[in-house]
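*Asks:* sequence and predicted model, in that order:
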Amino acid sequence: MRITKAQAQANRAHVVETASELFRERGYDGVGVADLMAAAGFTHGGFYKQFGSKTDLIAESAACGIAQTVALTADGISPAEFVRQYLSREHRDHRGTGCTMAALGGDAARQPDSVRAAFAAGIENLVTALSRCDGVGAESADASETRARVLAVLSHAVGAIVMSRACPDDSSLAEEFLTAARKAILASLALPPEAELHLPETSRELGET
């Protein structure tokens, strides 16, 4: 039975989204094509009808994952809320639905140029989106200063998640990394301290739209 072009596109998008989550959870080398297609509900043989290689899928899934994080800024989230949600235990403990940069940045460094280019493009989009958030560039109208500020915040936040995840789940050090980074970033942005932030009871995960 032939499927429509629209259904084929939907199937492809579903594979990319499934791959994005599995790669974040297990790493690029921890997921084979057969397991990935099975998780998406398709046969192994259908993979090469949709993608030229696993590397092609890795690049697409990276773009998909980072785009999900960028989408959070479109909902009018404040810098304080973004930092608080990003540097939360919930985000730290849920790699599969969290930030692609924190989950796979180290893996990406060992991937072909096409994958690293997808990461770079996605990161640029996030930097642009965060630069537009009220409060991030409040102290300067200079675009280069705002960009440098966002890059510093992003580097600090991603690094804190990576270091926290490197510790045992029940380690006090894991929580210390998150707390220290959260306080330092909020202070650097002259944002209200944690106790004054208003957040929903269940914060959204960084990789879901």
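*Replies:* Yes, it's here.
*Asks:* centre of the chain to the longest helix out of those in the chain, how far?
*Replies:* Ranked by residue count and defined by DSSP state H, the top helix of the chain is helix 143-166. A distance of 13 Å separates the centroid of the chain from that of helix 143-166, by CA atoms, centre = their mean, to the nearest Å.
*Asks:* quick one, strands of this structure?
*Replies:* Assigned by DSSP state E, the chain shows no strands.
*Asks:* how far away is Asp169 from Thr146?
*Replies:* Distance, Asp169 to Thr146, using CB to CB, to the nearest Å: 36 Å. All C-beta spots, glycine's among them, are computed from the backbone N, C-alpha and C.
*Asks:* give me the most central residue, this protein.
*Replies:* Nearest to the geometric centre of the chain sits Cys99, at 2.1 Å (CA atoms, centre = their mean).
*Asks:* you'd agree it is up against Gly159?
*Replies:* No: with contact defined as CB atoms under 8 Å, Cys99 does not reach Gly159; the gap is 11.7 Å.
*Asks:* from memory Asp93 sits against Cys167, does it?
*Replies:* No: using CB under 8 Å as the test, Asp93 is too far from Cys167 to be in contact (12.0 Å).
*Asks:* quick one: which of the two has more around it?
*Replies:* Cys167 (15 against 12; other CB atoms under 10 Å).
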